[in-house]
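Enquirer: the following comprises the amino acid sequence and a computationally predicted model.
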Amino acid sequence: MKHKLLILLLALATVACTKQGERAHVDLNIGYEVNGEALVTDTLCYTNEAGNPFLITEIQWFLSNIQLLDEKGEWHTLLQREAQDSIAELTEHIFYIDTDIPESQVLHGKEVPIGHYTALRFTFGLDETDNETGLFSDPPESDMFWPELLGGGYHYMKLNGKFAGGEGRLKPLAIHLGIGQNEDCTEFYQNYFIVELPIDFAVVANAENQLDLTMLIDNWFRHPNTIDFNEIGSHIMQNQAAQRLLNGNGSDVFRIGKPTENKNDMDKEKKEQFAEKLKNVMRKGAPQPNFWSWENTKKRIQRIHDLRI
């Protein structure tokens, strides 16, 4: 009798262990790539499809409603692992990501069933259900607010940097995406979009389950709409036409996998091309000959004096 009881207890313990192992945590690692290499910030080393030299200083954005598709055809939502209080329950399916905050580049998800997953799906930005003013009370998320006059809620993304304008001088690059509006701000348009990518991903019990997602930054400006920063480089929050062009380019901005590693050094031809590009930028932006001569200075002073009279 005791022997049978021992076998029963062992069987129950085995079942309990199996149930505990049926779910496991998942982390989503975020990376960035430009022109086939990992992003380098604050360096004028990129050129877009329209020929604009540019640099990136920071990228701040939201991913929401991240889901994994299992082999049974069921979607499982990744929720923030740290979300606990009642307020967090409203935002636990929303992840804020910031290139200046390294820890935000790893999205720690709560447990999902172990097994094989075949697709990843998410919303770039915030949909109309989530994107309400006041959803976030603390920075950095609250700093992403979108003006109430322009539709309220929050930015989907702030991609900031600089670009060399037509005259050669560096200008602000501000790709700020969010809700669009008509000219008199009486109608508003949703510009978020949903991405679905195939994956071959196994979630295993008692393991570090990590999936890599890379943003291909240059694709924002390439296909199917070529973005010229001289035309659409900043001040696009009230430009719904620009918002729609960038929205249309979002379909191939993301891919599964890590960013491509940077080469140790540029080859000779690439170095020469880069050096020539910088020379042209500096040449165009430089003052004209004799700009600082005493004769020119006197003429400018006289023109200012004439205007004041």
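Expert: Sure, I can see it. Numbering: from 1, shown residues only.
Enquirer: need the longest strand for the protein.
Expert: Ranked by number of residues, the top strand in the chain under DSSP state E is strand 53-70.
Enquirer: next, the buried residues of it.
Expert: 53-56, 59-70 (16 or more other Cβ atoms under 10 Å). In this view, the C-beta of every residue, glycine as well, is placed from N, C-alpha and C.
Enquirer: what average pLDDT does it get?
Expert: Mean per-residue pLDDT for strand 53-70: 98.
Enquirer: got the phi/psi numbers for the closest residue to Gly165 other than its chain neighbours?
Expert: Closest residue to Gly165 apart from its sequence neighbours, by Cβ to Cβ, 6 or more residues apart in numbering: Lys171 at 4.5 Å. Phi and psi for Lys171, reported as degrees, to the nearest 10, are phi -120, psi 160.
Enquirer: which residues are in contact with Ile59?
Expert: Ile59 is in contact with Tyr32, Ile97, Asp98, Thr99, Met157, Lys158, Leu159, Asn160, Met215, Ile217, counting by Cβ atoms under 8 Å, 6 or more residues apart in numbering.
Enquirer: quick one: residues contacting the fourth one.
Expert: In other words, Thr99. Neighbouring residues of Thr99 by Cβ under 8 Å, 6+ apart: Tyr32, Leu39, Thr41, Glu58, Ile59, Gln60, Gln105.
Enquirer: now do the fifth one
Expert: Counting by Cβ under 8 Å, 6+ apart, Met157 makes contact with Ile59, Gln60, Trp61, Phe62, Phe124, Gly125, Ile175, His176, Leu177.
Enquirer: do the third one as well
Expert: Taking Cβ under 8 Å, 6+ apart as the contact definition, Asp98 lies against Glu58, Ile59, Gln60, Trp61, Ser104, Pro140.
Enquirer: closest to Val204 out of those?
Expert: Relative to Val204, the closest of the contacts of Asp98 is Ser104; by Cβ to Cβ it sits at 25.4 Å.
Enquirer: what segments of the stretch 1-150 of the chain are helices?
Expert: 2-20 (DSSP state H, counting those that start in this stretch).
Enquirer: which residues of it score low on pLDDT?
Expert: Applying pLDDT under 70 to the stretch 1-150 of the chain flags the ranges 1-21, 83-87.
Enquirer: okay, now Val195: neighbour count?
Expert: By other Cβ atoms under 10 Å, the residues close to Val195 number 18.
Enquirer: does it touch Ala119 like I think?
Expert: No - using Cβ atoms under 8 Å, Val195 is not in contact with Ala119, being 10.5 Å away.
Enquirer: which one among the buried residues of strand 53-70 gets closest to Gly250?
Expert: Of all those, Gly250 sits closest to Trp61, with 11.4 Å by Cβ to Cβ.
Enquirer: for the nearest residue to Gly125 once chain neighbours are set aside, give me its contacts.
Expert: Distances taken as Cβ to Cβ, 6+ apart put Tyr156 closest to Gly125, at 2.8 Å, once the chain neighbours are dropped. Counting by Cβ under 8 Å, 6+ apart, Tyr156 touches Trp61, Phe62, Phe124, Gly125, Leu126, Leu177, Gly178, Asn191, Tyr192.
Enquirer: can you rerun that using 10 Å?
Expert: Tyr156 is in contact with 60-64, 123-126, 131, 144, 146, 176-179, 191-193, 243, 246-247, 250, counting by Cβ atoms under 10 Å, 6 or more residues apart in numbering.
Enquirer: from Ala88, how far off is it?
Expert: The gap separating Tyr156 from Ala88 is 21 Å, by Cβ to Cβ, to the nearest Å.
Enquirer: same deal with Leu107?
Expert: Distance from Leu107 to Ala88, counting by Cβ to Cβ: 15 Å.
Enquirer: same question for Leu150.
Expert: 27 Å.
Enquirer: swap in Asn29?
Expert: 22 Å.
Enquirer: how about His76?
Expert: Distance check for His76 against Ala88: by Cβ to Cβ, it reads 19 Å.
Enquirer: could you do Pro224 as well?
Expert: The gap separating Pro224 from Ala88 is 39 Å, by Cβ to Cβ.
Enquirer: could you pull out the helices for the stretch 201-309 of the chain?
Expert: Secondary structure of the stretch 201-309 of the chain (DSSP H, counting those that start in this stretch): helices located at 240-249, 268-285, 294-308.
Enquirer: by mean pLDDT, show me the worst of those.
Expert: Among the helices of the stretch 201-309 of the chain, helix 268-285 has the lowest mean pLDDT, at a mean of 54.
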